[in-house]
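Peer 1: need the 3D shape of this:
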Amino acid sequence: MTNSASQRMQERITERAEPAIKRRERTRHTLSNAALAEQCLLELGAYRRGGPCDEGYGLELFRRATVEGDAEAWQWVQRCFGEIVLGWLRRHPSRAAACRLESEENYVALAFERFWRATAVTQQVAFGRLSAALQYLRASLHGAILDTLRTYSRPKEVPLPEPGEPGEPFTEEKADRSEVWEILQTMLPNQRELRLAYLLYHCGLKPREIVRFCPQEWSDVQEIYRLRRNILDRLMRNADQLGWRLSQERRS
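Peer 2: A predicted model of the protein is given here:
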């Protein structure tokens, strides 16, 4: 037997011995974004019918979009999971009030925008399970709804005190939540604290809401309170830097 024939035989033996899960994982990495999305939709359809679901296709699509920053993969993520986000919106307890203010399509777009800014732009959040990615996407939708309701509930005009009078503001305007979130990402080296900061300060969720929306990752509300104290302590120690960077952001 020649060396080349022996090598081919060895490769076939190795391939047969390789676990099926590993082979599927290797195959997923070679698929195009469109082919990956097609398989993802098939698996989601099987899941809705009560059958088994291989979440690897959807997870790989999320990985390419968030970790690799693949814009095309991100477009496919929105196509594959847009109906799921729409379903969450239609079952949301504040849907009626929210949809009097904005369209359903706008809330879905805002949810994906928030998720994108917190993951793909920074490339700091990777998900080990598809359910974890979907939990953060659902939290992003909840944050978009809350922000919209708060924005429309604010008074249109607020009289400002004259210079020197009690209550004169120290800054011209409150920092936008997205500005604070972008700066927080550079100040929180701990991955778990960063994820919690996203839910607290970018999505506007309360600790018990985080437990409700992300039970697999956050099941202990006391841990959330403890980590939140750590985050606030770090912010207090860097208050001067945070204020300076916010002022720089507004000038640019």
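Peer 1: from Leu196, how far off is Arg228?
Peer 2: Distance of Arg228 to Leu196, computed by C-beta to C-beta, to the nearest Å: 7 Å. Every C-beta, even on glycine, is put in place using the N, C-alpha and C of the backbone.
Peer 1: in terms of neighbours, single out the busier of those two.
Peer 2: Comparing Arg228 with Leu196 by other C-beta atoms under 10 Å, the one with more neighbours is Leu196, at 24 against 17.
Peer 1: list the contacts for that one?
Peer 2: Ile210, Trp218, Ile224, Leu227, Arg228, Ile231 (C-beta atoms under 8 Å, 6 or more residues apart in numbering).
Peer 1: rerun that using 10 Å as the cut-off
Peer 2: Counting by C-beta atoms under 10 Å, 6 or more residues apart in numbering, Leu196 makes contact with 188, 190, 205, 207, 210, 214, 217-218, 223-224, 227-228, 230-231.
Peer 1: and for Gly51?
Peer 2: With C-beta under 10 Å, 6+ apart, Gly51 has these contacts: Glu43, Gly45.
Peer 1: out of the contacts of Leu196, who's nearest Pro93?
Peer 2: Leu205 (14.1 Å; C-beta to C-beta).
Peer 1: that closest one: what's it in contact with?
Peer 2: With C-beta under 10 Å, 6+ apart, Leu205 has these contacts: 139, 142-143, 146, 196, 198-199, 211-214, 218, 224.
Peer 1: are any of those residues buried, and which?
Peer 2: Among those, the ones that count as buried by 16 or more other C-beta atoms under 10 Å are Ala139, His142, Gly143, Leu146, Leu196, Tyr198, Leu199, Val211, Phe213, Cys214, Trp218, Ile224.
Peer 1: from the residues you listed, which land in strands?
Peer 2: Judged by DSSP state E, strands contain none of the buried ones among the contacts of Leu205.
Peer 1: quick one: those as JSON lines, columns for pLDDT and distance to Gln75 too.
Peer 2: JSON lines is the format used below for the buried ones among the contacts of Leu205 (pLDDT from 0 to 100; distance: C-beta to C-beta, whole Å):
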{"residue": "Ala139", "pLDDT": "90", "distance to Gln75": "22"}
{"residue": "His142", "pLDDT": "92", "distance to Gln75": "23"}
{"residue": "Gly143", "pLDDT": "89", "distance to Gln75": "22"}
{"residue": "Leu146", "pLDDT": "90", "distance to Gln75": "26"}
{"residue": "Leu196", "pLDDT": "85", "distance to Gln75": "29"}
{"residue": "Tyr198", "pLDDT": "82", "distance to Gln75": "22"}
{"residue": "Leu199", "pLDDT": "84", "distance to Gln75": "25"}
{"residue": "Val211", "pLDDT": "83", "distance to Gln75": "32"}
{"residue": "Phe213", "pLDDT": "80", "distance to Gln75": "25"}
{"residue": "Cys214", "pLDDT": "81", "distance to Gln75": "25"}
{"residue": "Trp218", "pLDDT": "81", "distance to Gln75": "30"}
{"residue": "Ile224", "pLDDT": "87", "distance to Gln75": "33"}
